[in-house]
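Return a 3D structure for these sequence lines:
(one chain, ligands or ions: 2)
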Amino acid sequence: MSRTSLSVVSDSVTARAPSKVNLHLGVGPRRDDGYHDLVTVFQALSLHDDIRVARANEMSVTVRGEGAASVPADDSNLAVRAALALADWADRSGKVAIDIDKTIPVAGGMAGGSADAAGALVALAALWKLDIGRDDLATIAAGLGSDVPFALHGNTALGTGRGERLMQVLSRGEFHWVLALARDGLSTPAVYHELDRLRDSRSGECADDAARDLLRRPDELMQALASGDPHAVAPLLHNDLQPAALSLQPTLRRTLRAGIDAGALGGIVSGSGPTCAFLCADETGAVNVAAELSGAGVARSVRTASGPAAGTRVLGADLRH
Ligand SMILES: C[C@@](CO)(OP(=O)(O)O)[C@H](O)COP(=O)(O)OP(=O)(O)OC[C@H]1O[C@@H](n2ccc(N)nc2=O)[C@H](O)[C@@H]1O
Ligand SMILES: Nc1ncnc2c1ncn2[C@@H]1O[C@H](COP(=O)(O)OP(=O)(O)O)[C@@H](O)[C@H]1O
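Ligands and ions are numbered 1, 2, ... in the order given. A predicted model of the protein is given here:
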């Protein structure tokens, strides 16, 4: 090894973190700690955020891109919380400048904040050259939010517990999606709360049998994913949070209908919403559906994306000799 390469120092590292859609989201009754047990199938999508971390004299965060104005630029930013949690694990100071380039809609049900947290963890582990295993990283991630472990993991996975316990799901080929971004976001706790309210108003306490049913593993969907056939997957898309999201934002019904009318195989509210995700037969189909949806005036903006996408990974480091 030459003397030059021995003294190479990375000044900054950039990580890319994916968004997600829940192809299946089964939600159990509210637990005593306020969370809900889930059985969910996550798929990571190509729509991503880039998170750059650089050595600095103090902690700072800047956010640009999609919805940047509504993202906190203080200690409540999930990427800052992630940096502080990792610094604590490594027993070092968290003096870094974090720069987030957002493409994932904020408060859109696509886990953008979780992606930024995962990006900060992966980029900083590389910048600081930490000897940290996947399990420790996943434990720190789960402490930051239920969706953060999946943002690290990527691909397609079955999530249980709060959504933080993951098992890889076999998914063949590439799936093509159209995403209809809404004008206003939806708060995740508010949507879970609305689901509880709707369930309570229907039947009082959730019976044990009914709760077990809600948390059944979606085997048919998992077989369809393994077949790689979007026609088989589309009718099996399911989201228990969808009625709650529609109750809080009734105009989403029109968006869902417009996507199907435009030729999508299936449409669903993504997680807690309000982004609507449409599964299409192929890439050309997705481009056509996106064009028609854009013209229908039912969304703030329309994107195409593919999945499964890789988990959070380092893109590159800026080196100083
Ligand atoms: C709904 C989902 C579906 O994947 O994603 P989004 O649509 O928000 O992206 C997730 O469950 C969101 O996960 P995440 O956004 O990480 O939530 P957390 O920070 O852990 O929790 C925020 C709040 O959501 C509610 N919550 C979250 C997860 C869960 N299993 N049960 C819950 O009841 C709780 O009210 C909690 O206080
Ligand atoms: N880095 C971040 N990016 C986006 N939102 C963040 C971030 N840090 C904190 N937040 C807060 O988290 C909330 C949820 O954002 P987000 O993760 O984008 O949506 P969702 O939970 O619907 O997937 C936002 O309203 C925002 O106030």
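
Show me the strands in the stretch 101-250 of the chain, by range?
156-160, 165-168, 175-181, 238-239 (DSSP state E, counting those that start in this stretch).

quick one, what contacts the most centrally placed residue in the chain?
For the chain, the residue sitting closest to the mean C-alpha position, by Cα atoms, centre = their mean, is Ala111 at 3.0 Å. With contact taken as Cβ atoms under 8 Å, 6 or more residues apart in numbering, Ala111 is in contact with 19-20, 104, 147, 150-151, 271. C-beta coordinates here come from the backbone N, C-alpha and C atoms, glycine included.

and those as TSV, adding distance to ligand 2, neighbour count and pLDDT?
Listed next are the contacts of Ala111 as TSV, based on distance: Cβ to the nearest ligand atom, whole Å; neighbours: other Cβ atoms under 10 Å; pLDDT from 0 to 100:
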residue	distance to ligand 2	neighbour count	pLDDT
Ser19	8	31	98
Lys20	8	32	98
Ile104	6	28	98
Asp147	7	27	98
Phe150	11	31	98
Ala151	10	33	98
Gly271	6	28	98
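
Of all pairs in those residues, which one is the farthest apart?
The largest separation in the contacts of Ala111, counting by Cβ to Cβ, is between Ile104 and Phe150 at 13.4 Å.

and the nearest residue to Gly28 once chain neighbours are set aside, what helix or strand is that in?
Leaving aside its chain neighbours, Gly28 sits nearest to Asp37 (3.9 Å; criterion: Cβ to Cβ, 6 or more residues apart in numbering). Using DSSP states H and E, Asp37 maps to strand 36-55.

Over to Ala305?
Ala305 belongs to strand 301-307, assigned by DSSP H and E.

What score does Thr4 have for pLDDT?
As predicted, Thr4 sits at a pLDDT of 41.

My error: substitute Ala138 in the last question.
Ala138 is given a pLDDT of 97.

please begin residue numbering at 13 from this point
Got it, the first residue is 13 from now on, which makes the last one we talked about Ala150.

list the contacts for it?
Going by Cβ under 8 Å, 6+ apart, the list of residues near Ala150 reads 161, 164-165, 176, 178.

who wins for most neighbours among the residues you listed?
Pro161 (29 neighbours; other Cβ atoms under 10 Å).

sorry, back to before: Val75 is nearest to which of the strands of the stretch 113-262 of the chain?
strand 187-193 (17.1 Å).

Which strands or helices does the closest one pack on?
When contacts are defined as 3 or more Cβ pairs under 8 Å, 6 or more residues apart in numbering; DSSP states H and E, strand 187-193 sits against strand 48-67, helix 242-245, helix 264-273, strand 288-292, helix 295-308, strand 313-319.

Give me whichever of those is most buried.
Of all the helices and strands packed on strand 187-193, strand 288-292 carries the top mean neighbour count, a mean of 29, counting by mean count of other Cβ atoms under 10 Å.

quick one: that strand to helix 295-308, angle?
Angle of strand 288-292 versus helix 295-308, following axes from the mean of the first three to the mean of the last three Cα atoms, to 10 degrees, is 140 degrees.

Serialize the contacts of Ala150 to a markdown table and add fields for distance to ligand 1 and pLDDT.
Putting the contacts of Ala150 into a markdown table (distance: Cβ to the nearest ligand atom, whole Å; pLDDT from 0 to 100) gives the following:
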| residue | distance to ligand 1 | pLDDT |
| --- | --- | --- |
| Pro161 | 9 | 98 |
| Leu164 | 12 | 98 |
| His165 | 13 | 98 |
| Glu176 | 8 | 98 |
| Leu178 | 12 | 98 |
